[in-house]
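In: Dropping the sequence and predicted coords here.
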Amino acid sequence: MSNVLELINSAGKGFVEFAWPMLWQSGMLVVILLAADYILRRKVGAVFRYGLWMLVIVKLVLPTSLSSPVSIGQFMIVPAGLVKLASHGKPQAGNISGIRLSSDATAESQLNTLSAEQLALLKRPVSSLIQSNESSEILTWQGGVLLLWLIVVGAMLLLLMQRVMFVRGLVRQSKEAGGEIRDTLEDCRKTMSIGGCVGLKESPNATSPAVCGLFRPVILLPRWLTANLDAGQFKIVLMHELAHIRRSDLWVNLVQTLLQIVYFYNPFIWLANWMIRRVREQAVDEAVQVALGEKSPHYPETLLNIARFAFGQPVLSMRSIGVVESRSALAGRIKKMLNGPAPKNAKLNLHGALVVILIGLLTLPMTRSIAEEPMRSTVTCKATSKSTYLIADSNQYSLKDIFKNDFRVGAALNCYQLSGKDANDLSVVPSQFNSITPEHFLKWSYVHPEPGKYNFDMADSYVTLGEKNKMFIVGHVLIAPYQIPDWVFQDDTGKTVSREVLLKRMREHILTVVGRYKGRINGWDVVNEAVGNDGQMLETKWCKIIGRDYIQKAFEYAHEADPNAELYYNDYNVWSKKDIDSIVRLVGILKAKGVRIDGIGMQAHWGLYSPSPDAIESSIVALSQSGVKVIISEIDVSVLPCYDSSTDGDIKNDPALQKKFNPYPDTLPAEVQEKLAKRYGELFAVFHKHADKISRVTFWGVQDGQSWLNRWPIEGRADYPLLFDRNLKSKPAYYAVIKTAQNNQ
C-alpha cells in the first residue's frame, strides 16, 4: 500500500507542477486573444479570428516548458503564490518540514531564516529522516488532486461516450434521402468543391440540421425541414453543413471536447472553447455567403426559419455536444450578417496564415516568465537502495553519495590547488568526490623533465590527499603524443634514437613512476590519444620510432610495475564511429596478445549541443561490449563558441572577434545557465542508465575559474563548463545532475 501511495503522490506532484503553469499560461493566452479578437472583429474576417483562437488548442498540446527569447512570456510575471502552491507538499528529505532547499546564495539565505525546529530537522541523521518518511506515508494533497482529476475525467469521458452512442443511434434510426434531395446535395457538393462520399439522411427526432461521423460524414436533416423550406433555402442548409465538412470542423470539435475534459478545471479553456465554436460558425457563415454570391442575402432569412422550428423543441443532449447552438449565439450571427457588409473572401490566405504563425511564436512559449528567480533544487530524497544524502556544508547534496551505487564521481586537480594557491577548491573535493585525477603534474614533461631527474613533490601531495580522504586515485598519464620532452626521442647529438633505446627509456620511466606509487595509485591512464580523427593510428614519435606495438609495450611495462593497478586507454572523440571501431579493434588486439587492459576512458570535452545523447549512449554500449570498463574520464561542457584560427581570422587584433568568441566575460546569463543544466541533465541521464557499464565519471576541474577552457583555444576567455562557479557555489547544472539520479530511481 505504501508503494501505491508513493506512486500516486509522486504522479500527483508532477500533475500539479504541470497543471498550474498550464492554468496561468493558457489564461494569459486567452486574455491576449480576447483583446485581439475585440480589436479585430470589425476589421478582419472570421476565418482569420478562427485561426487565432486555434492557437489555444495548439497551446494545450505543447509542453509548459516551451521557451523562446522572442516570446511575450519574457515580459510576464507569474504570481508568486501560484508557483509556491505547486511546490508545497508532504515533507521529504529534500523538502524537510516545508523547507525547499535552493541553490547558491539562495540556499544560504534560507538556512539563515529557518526556525529552531526546522534547523533541528536538518541536523538529524538522514537515515532517521528516511525512516520517518517510510512509516508515515500518507496521501498528499497533490495525490488527492490527481485522484479527483482522474475521477472527474473518467466520468466526463463516460458522458461523452453516452452522447456519441446517442448520436449514432439517431443516425441509424434515420432514413436515406433520395430523389430531388439527393440531386440537390450533389449540386451543392460541386459548388462547395467537396469530393468523397457524403451521406444524407432524414430523421423524425433531429431538431436541426447537423453533420455526424468523422470518417464517413452524414448530413442529418429533421423531417420537418423539407416541408417548411423552399428549394433555395434547402440548398443553403446543405451548403452550410458541407462547409463544416470541408473545413474538417468535426475533427476540430472532437479535439476541443477531449481537451476540455482533460482541462475541465481550467475556466479559461471553457471560455476559449465557447469562443472557438462561436467564431467557427461565423467562419462557416462567411464561406456560405461567398459561395452564394448575389443570393447571400437569403442566408440570414434561412437561419431564422430554421431557428423558428429548432428552438421550439431543443434536445439538451444535442445542444451539449454542439449540434444545436444557443439562441443568443445564433441571434448574434444573424445580426452580424444583417448589419455588416457581405464577405468577399472566406479563406485564410498566405499573408493571414503567416500573421497567425507569427502571433503563435510570440505568445505560445511562456516558460521564461516563471524562471526569473534562480533555479531551485527539486531533488527529493526517497528511501531506496540508492539513497541521497544531506551534507553539512553550503551544498545540500553530495555527488559521491548520490551516485554511490552507480559509479565513482571524481575531479581533476591541478598544481595551484595542491600548492595552496587555490586551496579553497579543495574544501568541496572530499565532500563531493570519491575519486581524483591529476591534470598535468604526472605527465612526463613535469614529473621527468630531464634524464635521470624526477619531480615527485606535487604528485606525493596529491596521493597523500587521496589516501587521507579514502579516494580512488588515478594516475594521468604515462604515454601521450604531447608534453614529452625532446630528449626522450633524441640522443646526445640530437639525432632520433633507435627503437631499442626508446623502449628502454619508456620502461625505465613507467617502472619508476608507477613503481613509486605501487599499491597507492589505483588506476593509470597508460596511453593517451593514439587514434586520430580519421580512426587511424596517429603517426606520433612513439609510433614512428617503436612501431604500432608501442601501446602493447606500455601496457606490459605498467602491469609489470604494479600488477594490481587498473590500466586504461584514454582518448577524445570516443563518440565518433571511426574512433570507436579503432579503439575496439585495439582492445581486441591487446587482449589477443595476452595484454591486460581494464578500461577505456572517454574524454568528454563536449559542448551544449554536440555530441548527441544517442551518439554517447551508442559509444558506451559499443565500448562495454569489448569487455572493458567504460570511464567518463574528463567531462566538462563549454558554453562558448568554438574558435578556429584557420577559418575565423586573427583574434588578437580584432575586437569584434574577441567579443564574439568571449561573449560572457563577467557572468553567465540565466538562459545559458538553463541550457547548461539541461545539457548536464541529459548527459547524466545516459550515464545513470548505463551505470552497469561505467565505473567512473570525472569532472575535468573543480570550479569554472580553474578550467583549462579559459585558456584554450584562446587565452583570456571566461568559460563556465563545470558544476561549481568561481565562488565554489553550486550551479543549476549541479542540481540537474542530482535530479537525474532521482528520476532514474
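Out: Everything's here; your move.

In: Where does the prediction get shaky in the stretch 51-200 of the chain?
Out: Within the stretch 51-200 of the chain, the stretches with pLDDT under 70 are 73-137.

In: Going along the chain, name the strands of it.
Out: Using DSSP state E, counting those that start in this stretch, the strands of the stretch 51-200 of the chain run over 175-176, 199-203.

In: Could you do the stretch 301-450 of the chain as well?
Out: 408-413, 435-438.

In: Output those strands as TSV; include the columns mean pLDDT and mean neighbour count.
Out: (Each C-beta comes from the backbone N, C-alpha and C, glycine too.) Putting the strands of the stretch 301-450 of the chain into TSV (pLDDT from 0 to 100; neighbours: other CB atoms under 10 Å) gives the following:
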stretch	mean pLDDT	mean neighbour count
strand 408-413	97	26
strand 435-438	98	25
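
In: Columns distance to V284 on top of these, output as a markdown table?
Out: What follows is the strands of the stretch 301-450 of the chain, written out as a markdown table (distance: least, CB to CB, whole Å):
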| stretch | distance to V284 |
| --- | --- |
| strand 408-413 | 62 |
| strand 435-438 | 69 |
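
In: and of those, who's closest to I616?
Out: Judged by CB to CB, the one of the strands of the stretch 301-450 of the chain that comes nearest to I616 is strand 408-413, at 17.2 Å.

In: Listing partners with orientation, what would you give for the closest one?
Out: strand 435-438 (parallel), strand 694-699 (parallel) (DSSP bridges).

In: Same list (these) but as CSV, adding distance to L170.
Out: Below are those laid out as CSV (distance: least, CB to CB, whole Å):
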stretch, distance to L170
strand 435-438, 72
strand 694-699, 62
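
In: Ok, which of these comes nearest W274?
Out: strand 694-699 (53.6 Å).

In: buried residues in that closest one?
Out: I694, S695, R696, V697, T698, F699 (16 or more other CB atoms under 10 Å).

In: Which pair of the residues you listed spans the longest distance?
Out: That would be S695 and F699, which, of the buried residues of strand 694-699, are the farthest apart (CB to CB) at 15.3 Å.

In: out of the strands of the stretch 51-200 of the chain, deepest packed?
Out: Mean neighbour count (mean count of other CB atoms under 10 Å) peaks for strand 199-203 among the strands of the stretch 51-200 of the chain, with a mean of 18.

In: what sits against the closest residue to R717 other than its chain neighbours?
Out: In space, not counting the residues next to it along the chain, R717 is nearest to N662; the distance is 4.5 Å by CB to CB, 6 or more residues apart in numbering. Residues near N662 by CB atoms under 8 Å, 6 or more residues apart in numbering: L640, I714, G716, R717, A718.

In: Most neighbours among those, which one?
Out: Counting neighbours by other CB atoms under 10 Å, L640 comes out on top of the contacts of N662 with 22 neighbours.

In: Backbone dihedrals for the closest residue to that residue other than its chain neighbours, both of them.
Out: In space, and not counting its chain neighbours, L640 is closest to D719: 5.3 Å by CB to CB, 6+ apart. Torsion angles at D719 (phi, psi; degrees, to the nearest 10) stand at phi -110, psi 160.

In: Then N528?
Out: Per degrees, to the nearest 10, the backbone of N528 is at phi -120, psi 130.

In: show me what contacts the nearest residue to it once chain neighbours are set aside?
Out: Nearest residue to N528, sequence neighbours excluded (CB to CB, 6+ apart): A480, at 3.9 Å. The neighbours of A480, taking CB under 8 Å, 6+ apart as the test, are K443, W444, V527, N528, E529.

In: thinking again about what came up before, which of the strands paired with strand 408-413 sits closest to A670?
Out: Once the strands paired with strand 408-413 are compared by CB to CB, strand 694-699 is nearest, at 22.3 Å.

In: Identify the residues contacting that closest one?
Out: So strand 694-699 is contacted by 403, 406-412, 433, 435, 437, 472, 474, 599, 620, 629-636, 684, 687, 722-723 (CB under 8 Å, 6+ apart).

In: What is the distance between the helix or strand where L586 lies and the centre of its chain?
Out: Using DSSP states H and E, L586 sits within helix 577-592. Distance of helix 577-592 from its chain centroid, counting by CA atoms, centre = their mean, to the nearest Å, is 34 Å.

In: among the contacts of A480, which are in helices?
Out: Secondary structure from DSSP state H places W444 of the contacts of A480 in helices.

In: May I ask which of the contacts of A480 has the most neighbours?
Out: The most crowded member of those, judged by other CB under 10 Å, is V527 (26 neighbours).

In: how about that one, what does it touch?
Out: Here V527 is in contact with V477, L478, I479, A480, I551, A554, F555, Y569, N570 (CB under 8 Å, 6+ apart).

In: gap between it and E539?
Out: 15 Å (CB to CB, to the nearest Å).

In: re the thing from before, which pair in the contacts of N662 spans the largest distance?
Out: L640 and G716 (11.9 Å).

In: which helix of the chain spans the most residues?
Out: Looking across the chain with DSSP H, the single longest helix is helix 2-40.
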